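J.: What follows is a predicted structure for the sequence shown.
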Amino acid sequence: MKKLSVLILALALLALAGCGKTEAPAPAEENIVAGEIISGLGDAVEESAEESAPAEESAVENIPAEGAGTQELPAGFEPELRFSTTTLDGAAVDESILAGHALTMINFFEPWCPPCIAELPDLEKLYEAYAPEGFQILGVFSTEEGTAKVVSDAALSYPVLRYVPEFDPFQTGYVPTTIFVDGDGRIVGETKIGSNSYAGWEAIVKELLG
C-alpha cells in the first residue's frame, strides 16, 4: 500500500507540471521538473500491482535572425531528427535549422495547457541569455486556435513550428515535453516531461552545452 500511495502522489505532482494530451488541462500551481518524478514510475507500478489486486490570432514575428531553415546541410551533418514543416508565420523549416547550433531545445507545448503557457516567458529569457553560445529553442504546437495569442503574449522571438508526424517518436502523451539536440543533430540528454523554472532549465542547458 505504501508504494501505491507513492505512485498516486507522483502522478498528482505530474498533473501540476504537465497536461495530458487527451485530457482536459488542470491549473498549474507551480512549475516543477516532472521527468525525475516519473523516472521510477514503471517500477512503482509493477511493485504496487504485486501488492494489491485489482481565439483570436495575431501576426507574430518569430523567425530567427539568420532565417528559418531550408538551407543546405553542412558536410557530415546527419541529424537523427528530420522534418519538414512551417513556422507559425508560414515560413518553411526543416532539419537544417538544427545545423550550426551547439544545442537545440525542442519544446512541445499547447495553448490550452497552463503549465506550458506559464513557462514560456522563462524559455524566452533562456533563449536570449544563451543564444550567443549557440543555443536555440524551437517551440512546437499542434493546436492552431489560441497559439498565436499565447506566443504574442509571451513575446517569443524563437521559432514556433507546427507539429508534423516526424515528431511522433518523441511524444510522451503529456505537454510540455522537451527534448534536446546537439550540434551534430543527435538527441542528447533525457526527455523532460513537464514544465520547469528558469533556474531548472538553465542548469540542464549549461550541462548539455558542456
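T.: Done, it's in. Not measured: the values here are computed from a predicted model. Residues are numbered from 1 along each chain as shown.
J.: What are the boundaries of the helices in this structure?
T.: Ranges of helices in the chain, per DSSP state H, are 2-17, 35-38, 41-51, 114-130, 147-153, 198-209.
J.: Would you mind measuring from the spatially closest residue to Tyr198 that is not a sequence neighbour to Arg186?
T.: Spatial nearest neighbour of Tyr198, chain neighbours left out: Asp122 (4.1 Å); criterion: C-beta to C-beta, 6 or more residues apart in numbering. All C-beta atoms are positioned from the backbone trio N, CA, C, and that covers glycine. Counting by C-beta to C-beta, to the nearest Å, the gap between Asp122 and Arg186 amounts to 26 Å.
J.: Look at these two and report which has more neighbours.
T.: Neighbour tally, Asp122 and Arg186, criterion other C-beta atoms under 10 Å: the higher count belongs to Asp122, 19 against 13.
J.: Would you confirm that that one contacts Trp201?
T.: Yes. The pair formed by Asp122 and Trp201 meets the contact definition of C-beta atoms under 8 Å, at 6.7 Å.
J.: Mind listing the residues bridging to the closest residue in space to Val188 that isn't next to it in sequence?
T.: Using C-beta to C-beta, 6+ apart and skipping residues adjacent in sequence, the residue nearest Val188 is Asp182, 4.6 Å away. Asp182 has these beta-bridge partners by DSSP bridges: Leu103.
J.: Then Arg162?
T.: Arg162 has these beta-bridge partners by DSSP bridges: Phe141.
J.: and it, how many neighbours?
T.: Using other C-beta under 10 Å, Arg162 has 16 other residues around it.
J.: isn't it right up against Asp89?
T.: No. The criterion here is C-beta under 8 Å, and Arg162 misses it with Asp89 at 10.5 Å.
J.: low-confidence ranges in this structure?
T.: Scanning the chain for pLDDT under 70 picks out the ranges 1-16, 21-71.
J.: Need the residues that contact stretch 122-129.
T.: Stretch 122-129 is contacted from outside by 31, 105, 107, 135-137, 139, 154-158, 196-198, 201-202, 205, using C-beta atoms under 8 Å, 6 or more residues apart in numbering.
J.: hmm, which of the residues you listed are the buried ones?
T.: 31, 105, 107, 135-137, 139, 154, 156-158, 196, 198, 201-202, 205 (16 or more other C-beta atoms under 10 Å).
J.: Looking at those, which is nearest Gly76?
T.: Gly76 lies nearest to Gln136 out of the buried ones among the contacts of stretch 122-129, by C-beta to C-beta, at 20.0 Å.
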